[in-house]
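A.B. asks: return a 3D structure for these sequence lines:
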Amino acid sequence: MKNIFLKLILLIFTIEGLNALHGKIVFYDGTYVVGKVTKVDEASVYIVPIGLDTPEGVLVGNIDSLRMENGMTPVINSSVKYFYQNGEFLANDSDWMDEYDDFQYDDYASIQEEYKYEKTRKKNSDFWSATAFGAYPALKVGSLNDSAKVTKLNFNLGFGLQAPYYPIGALDFSPGFSFMTFGFSDHPSFGNISAIQASANLITDFKPVFFFLPEPIHFCIETGISYNAGTKVEPTSDQYEGEPTYGGIGFNIGSSIDYYFPELPLAIKAFAVNTIVPQGIPFPELKTGFVTFGVKLIIVLKRHHQ
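C.D. replies: Down below sits the predicted model:
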C-alpha cells in the first residue's frame, strides 16, 4: 500500500514536470534559483530546483523577478503579472491600479481645487416645516354681514405642512397644505354651520426683493384653493330635500409678516387672510366669506447638530 501511494505522488510530479518550463528566480539580495517552474499563483512560485525531484513554494514577496525560458516574466518586483499552470499563462488583471501608473499628484490637486466644496449653512426657510395656528374672524364679507348684525363667526383653529422655499425668478415660493375649522351661527338664512376646510396653498416670500428688511423678518403673500365640508348643518330655511348638507370649493388670499428665530428651529407668523367659502342653504352655489387675523407657530423640521 505504501509503495502504491509513493508511485501516485511520483506520477503527479511527473505530469507536472511535463507541463513545466525552466525559469530563474532572482531574489532581492542577488541570489537566484534555477529550475523547472510548475506553477505561479498570486502568493507563490512553485519551482523544482536543479538537482531536486519535488517542487518548492517560494513566496512572491521575496522575489525580485522570475524569468522563463520562453522570454516571459511572470513576476516583477514581487508583483505577479501572469499566472502559470499546466503549461498555460494567464494575465493577472486584478491589479486595476496598473493603468494609473502615470498618475501625478499635481493633477489630483488641481482637480480637487476645481471641485472644492464650500459648505454653506442652510436657513430655516430651506427646510420643511409644520405649522399650527389660531385666527379670529374679525370682518364679515357679503351675506355673512347680515343687516340685523346677529351672525356670529366661530374661532378658527388649524395645522399644516409647508415645503421648503424654492427660488423662482426674483422671489421664493413654498407650496403646502393645511386643515382648519370654521363656522357661523344664528344667521337669519343659513342658520348654524360648523365646517372643516382642507386647502392647498402657495406662499410667496418677498425677502429677496425686500432685502433691506432685518434678516429674520420676511414679508409674504399667501394664496390657496380649498374644499369645505360641513360637520354640523342646521339651516333656518326649509328649501332642501333630505339631510341638509354644506360644502364646496373656496379660495384664500392673505399676507403675513414672518419672524424666524436665528438660533432656534422656530418662527412666528402674524397674518391676515380673506377666506372665501360657500354659502349655506338656500344658496349653496354662491360664495361668502370673512377676514381673519391670527398667529401661526412654525416648527422647522431640521435635525439638530452640536
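A.B. asks: need the pLDDT of residue 15.
C.D. replies: For residue 15, the model assigns a pLDDT of 47.
A.B. asks: typo on my end, residue 281
C.D. replies: In the predicted model, residue 281 carries a pLDDT score of 89.
A.B. asks: would you mind giving the secondary structure of it?
C.D. replies: Judged by DSSP: H, G, I helix; E, B strand; the rest coil, the three-state class of residue 281 is coil.
A.B. asks: give me phi/psi at it?
C.D. replies: Torsion angles at residue 281 (phi, psi; degrees, to the nearest 10) stand at phi -60, psi 130.
A.B. asks: so it makes contact with residue 241?
C.D. replies: No - at 10.5 Å, residue 281 does not count as touching residue 241 under the criterion of CB atoms under 8 Å. All C-beta atoms are positioned from the backbone trio N, CA, C, and that covers glycine.
A.B. asks: neighbour count for these two, which is higher?
C.D. replies: residue 281 (20 against 6; other CB atoms under 10 Å).
A.B. asks: quick one: residue 218 and residue 225, what's the gap?
C.D. replies: When distances are taken as CB to CB, to the nearest Å, residue 218 and residue 225 turn out to be 23 Å apart.
A.B. asks: scratch that, residue 231
C.D. replies: Note on residue 231: its distance to residue 225, by CB to CB, is 20 Å.
A.B. asks: again, but for residue 66
C.D. replies: Counting by CB to CB, the gap between residue 66 and residue 225 amounts to 80 Å.
A.B. asks: neighbour count winner among those two?
C.D. replies: In this view residue 66 and residue 225 are compared by other CB under 10 Å, and residue 66 has more residues nearby, 26 against 13.
A.B. asks: check contacts around the more buried one.
C.D. replies: Going by CB atoms under 8 Å, 6 or more residues apart in numbering, residue 66 touches 23-26, 37, 40, 45, 73-75.
A.B. asks: mind redoing it with 6 Å?
C.D. replies: 23, 25, 45, 74-75 (CB atoms under 6 Å, 6 or more residues apart in numbering).
A.B. asks: check what pLDDT residue 105 gets.
C.D. replies: Confidence at residue 105, expressed as pLDDT, is 47.
A.B. asks: surely residue 279 meets residue 286?
C.D. replies: Yes - with contacts counted by CB atoms under 6 Å, residue 279 reaches residue 286, the gap being 4.6 Å.
A.B. asks: of those two, which one has the most company?
C.D. replies: Using other CB under 10 Å, the more surrounded residue of residue 279 and residue 286 is residue 279, with 21 against 12.
A.B. asks: separation between the more buried one and residue 146?
C.D. replies: 12 Å.
A.B. asks: can you pull out the strands in the stretch 101-250 of the chain?
C.D. replies: For the stretch 101-250 of the chain, the strands defined by DSSP state E, counting those that start in this stretch cover 129-141, 152-153, 156-162, 166-168, 171-187, 191-205, 217-234, 247-260.
A.B. asks: one step back: closest to residue 304 out of the contacts of residue 66?
C.D. replies: The closest of those to residue 304 turns out to be residue 75 (CB to CB; 56.7 Å).
A.B. asks: looking at it, that closest one is touching residue 63, isn't it?
C.D. replies: Yes - distance between residue 75 and residue 63: 5.2 Å, which falls inside the contact criterion (CB under 6 Å).
A.B. asks: gap between the closest residue to residue 56 other than its chain neighbours and residue 128?
C.D. replies: The shortest distance from residue 56 to any non-neighbouring residue, by CB to CB, 6 or more residues apart in numbering, is to residue 47 (6.3 Å). When distance is defined by CB to CB, residue 47 is 68 Å away from residue 128.
A.B. asks: between the two, which is the more surrounded one?
C.D. replies: Taking other CB under 10 Å, residue 47 and residue 128 do not tie; residue 47 has more neighbours (25 against 14).
A.B. asks: so where's the stretch 151-300 of the chain shaky on pLDDT?
C.D. replies: For the stretch 151-300 of the chain, the stretches flagged by pLDDT under 70 are 239.
A.B. asks: could you find the closest non-adjacent residue to the spatially most central residue of the chain?
C.D. replies: Most central in the chain under CA atoms, centre = their mean is residue 127, positioned 12.5 Å from the mean C-alpha point. The spatial neighbour of residue 127 that comes closest, neighbours along the chain excluded (CB to CB, 6+ apart), is residue 302 at 4.4 Å.
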